[in-house]
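Engineer: Attaching a predicted model along with its sequence, questions to come.
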Amino acid sequence: MTKPAPAAAWLMALCMAAATQTFATVPASSPPLPPTLGVALDRLPLYAAIKDTFGCLDGSITIAAAAVNDNYCDCPDGSDEPGTSACDHGRFHCTNSGHIESSILSSRVNDGLCESECCDGSDEYSGLIACPNRCLEASKEHASDSAATEAIRRAGAIARLRLVQRSERLLARRAKTLQDSRDKLATLKQHIDQLEKQKTELESKEATQADTEKRTQCASLTQPLESWMDQLLAAIDQLRPLASVSSAHDAVVSALAVRDDVAAQRDRAVADAAAKTLAASETVSEIKDQIAGVAEKLATALADQTATQSTINDLESKATKDYGPDAVFAAMAETCVSKQFDQYMYKVCPLATAHQDDISLGVFTVWGQDGPAKYTEMSYTGGTLCWNGPMRSVKVRLLCGEATDLLSVSEPSKCEYEVTMRSPAVCDVTEADRAEFAALPLVVDDLPDDTNADAGGSDEDDDDAGSADDVSDVSDGAYDEPYSGHSEL
């Protein structure tokens, strides 16, 4: 294939750009381009050493030295045209002296546009357009932007260190609460065993007492009857002589006297039996009251046991969570940050749930992929089913910031959301930051309760919730109270 003449290439480029640009005059002929034009600094030795031939960097073929930067693509990897647009997949290196070196696609070389990546204008060397050298200006802008970025990072680093300090306090107290709850549970079990034993003994005593009282009552009624029967028989025996003795009058009188005495004894026995029955009833009632008292204490102890076990389960579950480097996310977990975007209120609770108004966008499932950026992304899945679509989900991407806030929300696919969130938890920390933080006064703020104290029997009064500092003024939604719908994962 015949290579196009360099002059023809310049003319073609001129024609393509003439409709929108006014260009400097293109010379009728152009000198050969140096082989080092457009070469990255780390590859300069390879091109500076070219003599008679050049071996493509992929090792595929060897070409003549004159074919390098001749505006014709010979090497499959494009390495023979670092300074022209001949190879579609090539890269042109901009030195940008005084600023930061960069590179652009080869297709953007001599396209009649001044590329911002090449502030030195070296990409438009053909003369079709004159690109001013803006590297000094760009360097100042970059320095200003870098200073602002560094200020944000430093403030975020201090906030992160405070967040880590808060997390350490939280986790230490959780560990103490867990151990105290385990000790409490062991004591409760012993107390419950004692109460159950006491209740069983009282119930047995009640049954025994009731049986004894029944027997006593029966005996108090039968013994007088037997005595009466004996006396009546004796009285009847005294009446037997009436059949043959004339002095019946005295015998009858004697029998009547016995009868009267027996009647009196009967009345007294009945009264005594009634009194004994009443006394016996009062004794059983007292035992019943004792049983009721023990049963009430037992019910309270059992409820406390259930609550304490629930607290232990909750704390043990939290102890297995991945709270990131330095456990920095422990103090952020189960608290929420919310913000209005368009007509919807979005709420993200780190390591817990995400919502769009009352619609669930999912529960926290996993951090990002393994690597340095793993803890800069949280995935939430299993949200409310989308009409004629998938279950809602959201990826939360974290950027460094002094305070925690939601920056943006998008929906790149149906019911699959992306949220950008700012947080000090992902800010880099230097040794200088640590030294600065060590000199700051210790901030010991209250840790809101994150245990199920009311429902779960925690013996702690407070626990974690917020961000590195007081985050109550974060964004227009700021940190809210712990979301009641959290799923404990």
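Structural biologist: Here it is on my side, so go on. Numbers count the residues shown, from 1 in each chain.

Engineer: Could you use CA atoms for every contact and neighbour count after this?
Structural biologist: Noted.

Engineer: Count the residues that sit near residue 292.
Structural biologist: Each residue near residue 292 was counted by other Cα atoms under 10 Å, and the total is 14.

Engineer: repeat for residue 125
Structural biologist: 15.

Engineer: ok, the closest residue in space to it that isn't next to it in sequence - contacts?
Structural biologist: Leaving aside its chain neighbours, residue 125 sits nearest to residue 110 (6.8 Å; criterion: Cα to Cα, 6 or more residues apart in numbering). Residue 110 sits next to 13, 84, 85, 123, 124, 125, 126, 128 when contact means Cα atoms under 8 Å, 6 or more residues apart in numbering.

Engineer: Relative to residue 144, how far out is residue 110?
Structural biologist: Using Cα to Cα, to the nearest Å, one gets 30 Å for the distance from residue 110 to residue 144.

Engineer: Could you give the secondary structure assignment for the residue nearest to residue 125?
Structural biologist: coil (DSSP: H, G, I helix; E, B strand; the rest coil).

Engineer: Please enumerate the strands of the stretch 301-450 of the chain.
Structural biologist: With DSSP state E, counting those that start in this stretch as the criterion, the stretch 301-450 of the chain has strands at 336-341, 344-348, 353-356, 359-367, 377-381, 393-400, 405-413, 416-423.

Engineer: May I see the ones you listed organised as a markdown table, with distance to residue 324, mean pLDDT and mean neighbour count added?
Structural biologist: Shown next, in a markdown table, are the strands of the stretch 301-450 of the chain (distance: least, Cα to Cα, whole Å; pLDDT from 0 to 100; neighbours: other Cα atoms under 10 Å):
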| stretch | distance to residue 324 | mean pLDDT | mean neighbour count |
| --- | --- | --- | --- |
| strand 336-341 | 18 | 94 | 22 |
| strand 344-348 | 17 | 96 | 21 |
| strand 353-356 | 17 | 96 | 24 |
| strand 359-367 | 9 | 96 | 21 |
| strand 377-381 | 11 | 96 | 21 |
| strand 393-400 | 13 | 96 | 23 |
| strand 405-413 | 19 | 94 | 16 |
| strand 416-423 | 13 | 95 | 20 |
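
Engineer: Nearest to residue 99, out of those strands?
Structural biologist: strand 393-400 (25.2 Å; Cα to Cα).

Engineer: what does that closest one contact?
Structural biologist: Contacts of strand 393-400 (Cα under 8 Å, 6+ apart): 152-153, 156, 354, 361-362, 376-383, 415-427.

Engineer: Just the buried residues of the contacts of residue 110.
Structural biologist: Neighbour counting by 16 or more other Cα atoms under 10 Å classes 84, 85, 123, 124, 126, 128 among the contacts of residue 110 as buried.

Engineer: which one among the residues you listed gets closest to residue 195?
Structural biologist: For the buried ones among the contacts of residue 110, the nearest to residue 195 is residue 123 (89.6 Å; Cα to Cα).

Engineer: And for residue 384, the neighbour number?
Structural biologist: What residue 384 shows, counting by other Cα under 10 Å, is a neighbour count of 17.

Engineer: and it, what is it in contact with?
Structural biologist: 359, 360, 361, 362, 391, 392.

Engineer: what's the distance between it and residue 156?
Structural biologist: From residue 384 over to residue 156 (counting by Cα to Cα), the distance is 34 Å.
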